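> I would like the atomic coordinates for the input below:
(one chain, ligands or ions: 1)
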Amino acid sequence: MAVGIFAGSFDPFTVGHLDIVKRASGIFEEVYVAVLTNSKKTSVFTKDERVKQICNAVEDEEICNVSAISFEGLLVDCAKSVGATCTIRGVRSPTDFDYEYIMAQTNKYLCGELETVVLLARPEYLHISSSIVKELGIHSASIKGLVPEINESIVAERLKEYGRKR
Ligand code: PNS
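Numbers count the residues shown, from 1 in each chain. From the prediction side, this is the model:
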């Protein structure tokens, strides 16, 4: 079985992300969840905080073959450095897919050996995104059921604080 890498901003890590991680952990021998700051997006959580959220959730679910890391630069270089031959992405909609398609083709151009596996989001998670969690949390609305339970209070507190300071 191959080693996979699931890269993203994870700002914050949602239950939709966790579902993709769980499913990927059953397909791949080892999965790296790799946190990167997307230069096109402003982050609320530091990279270390996001790595911690992922570690908490993975430990809580007792998933043994998943590690959280952070990286700078190109995904293909991070994939090579951990021995991953496949990148994993979750897709919620045709609009998501358009974006993923371009990214997958770009990664293929950069590294011909790297494959992309796309997992379709479960219907119950289609409305969940990090942006929606931020939007709700910043306005002190409940984020229950949107992020892994183990991270709920810390994520809610940070978003409330971020909302107050804006
Ligand atoms: O969660 P996101 O923000 O949709 O994740 C996007 C991410 C981080 C996976 C993507 O921006 C990425 O891979 N960035 C690293 C830079 C890179 O390798 N670019 C070339 C592929 S487009």
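
> number of nearby residues for the closest residue to the ligand within the chain?
Going by C-beta to the nearest ligand atom, the ligand is nearest to G8 of the chain, at 3.1 Å. All C-beta atoms are positioned from the backbone trio N, CA, C, and that covers glycine. Neighbourhood size, G8 [other C-beta atoms under 10 Å]: 20.

> Same check on the one 5 residues further on?
Applying other C-beta under 10 Å, we find 31 other residues in the vicinity of F13.

> Spit out the contact partners of it.
Residues counted as contacts of F13 (C-beta atoms under 8 Å, 6 or more residues apart in numbering) are 50, 53-54, 57, 130, 147-148, 151.

> From the chain's centroid, how far away is the host helix or strand of A24?
Taking DSSP states H and E as the definition, A24 sits inside helix 15-27. Mean-position distance between helix 15-27 and its chain equals 10 Å (C-alpha atoms, centre = their mean, to the nearest Å).

> And for stretch 41-51?
11 Å.

> Only the buried residues of it, if you could.
Neighbour-count burial for stretch 41-51, counted by 16 or more other C-beta atoms under 10 Å, picks out 43-45, 47, 49-51.

> Need these in TSV (columns: pLDDT and distance to E30).
Output for those, formatted as TSV (pLDDT from 0 to 100; distance: C-beta to C-beta, whole Å):
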residue	pLDDT	distance to E30
S43	93	26
V44	96	29
F45	97	25
K47	95	21
E49	97	24
R50	98	20
V51	98	17
